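Enquirer: Compute the structure for the input listed below.
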Amino acid sequence: MLKINTNTYLIDNITYQCSSNCDARPIDIDIDTIVIHCISLPAGVYDNNYIIDLFQNKLDVTKDASFESLVDLKVSAHLLVRRDGTIIQLVPFNLRAWHAGVSHYKGRKNFNDFSIGIELEGTPISRYTDIQYEKLNEVIAAIKLCYPKITDNNIIGHNEISPDRKEDPGSFFEWDKIKD
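Expert: Below is the predicted model:
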């Protein structure tokens, strides 16, 4: 079972690759939401380190023409779950990762303030692996123990908070595999 260290706000015994694309959360904020995203660089290409490079501001944009739109982009997520189930933490949970961008949903805005962003290696038009769902469930269980205000109703897709710009995690994401 995964466990969050409440001194570091990192998950014990997984890889931590620090992203500087984060900052302090607003004072007295309750973390009560998980936002599910997906990413692959280039789209649909897996098993490389381009996602980590992007989140660490080290992406060589000359490696692929599709990277040109990512020049000077400063983004991150708290976690990345790779296709093989490997979990990588990039931002401690007590900090605000820059994953949601301009966001609003059910009368709330600025979702980076009170949410945890989880990226799945994938695309909005591809299926996710069984091991990704297994590891995502383990992560969600650990996060819910640390942040009891997170309920299944507050586990949402990026598409729900940024519907005009985002479609992830996509129509192939099986919500019933992570919600009771």
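
Enquirer: C-alpha from now on. contacts and neighbour counts both.
Expert: Fine.

Enquirer: list the contacts for the residue nearest the centre of the chain?
Expert: Closest residue to the average C-alpha location of the chain: I118 at 2.0 Å, with Cα atoms, centre = their mean. The neighbours of I118, taking Cα atoms under 8 Å, 6 or more residues apart in numbering as the test, are 34-37, 77-81.

Enquirer: Tell me which stretches of the chain form strands.
Expert: In the chain, the strands defined using DSSP state E lie at 4-5, 10-11, 15-16, 22-24, 33-39, 79-81, 87-89, 95-97, 104-105, 108-109, 115-121, 155-157.

Enquirer: Mind putting those strands into TSV with distance to D176 and mean pLDDT?
Expert: Listed next are the strands of the chain as TSV, based on distance: least, Cα to Cα, whole Å; pLDDT from 0 to 100:
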stretch	distance to D176	mean pLDDT
strand 4-5	25	98
strand 10-11	24	98
strand 15-16	28	98
strand 22-24	31	98
strand 33-39	14	98
strand 79-81	18	98
strand 87-89	21	98
strand 95-97	26	98
strand 104-105	21	96
strand 108-109	25	97
strand 115-121	16	98
strand 155-157	12	98
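
Enquirer: Kindly compare burial across the ones you listed and name the winner.
Expert: Stretch with highest mean neighbour count among the strands of the chain: strand 115-121 (a mean of 27; mean count of other Cα atoms under 10 Å).

Enquirer: so can I have JSON lines of the strands of the chain showing distance to K179?
Expert: Shown next, in JSON lines, are the strands of the chain (distance: least, Cα to Cα, whole Å):
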{"stretch": "strand 4-5", "distance to K179": "20"}
{"stretch": "strand 10-11", "distance to K179": "21"}
{"stretch": "strand 15-16", "distance to K179": "26"}
{"stretch": "strand 22-24", "distance to K179": "28"}
{"stretch": "strand 33-39", "distance to K179": "12"}
{"stretch": "strand 79-81", "distance to K179": "17"}
{"stretch": "strand 87-89", "distance to K179": "20"}
{"stretch": "strand 95-97", "distance to K179": "23"}
{"stretch": "strand 104-105", "distance to K179": "19"}
{"stretch": "strand 108-109", "distance to K179": "22"}
{"stretch": "strand 115-121", "distance to K179": "15"}
{"stretch": "strand 155-157", "distance to K179": "8"}
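
Enquirer: Out of these, which gets nearest to N57?
Expert: Each of the strands of the chain has some distance to N57 by Cα to Cα; the shortest is strand 22-24, at 12.0 Å.

Enquirer: got the contact list for the biggest helix by length in the chain?
Expert: Determined from DSSP state H, the single longest helix within the chain is helix 130-146. When contacts are defined by Cα under 8 Å, 6+ apart, helix 130-146 is touched by residues 1-4, 6, 81-87, 120, 150-151, 177-178.

Enquirer: at 7 Å what do you get?
Expert: Here helix 130-146 makes contact (Cα atoms under 7 Å, 6 or more residues apart in numbering) with 1-4, 81-85, 150, 177-178.
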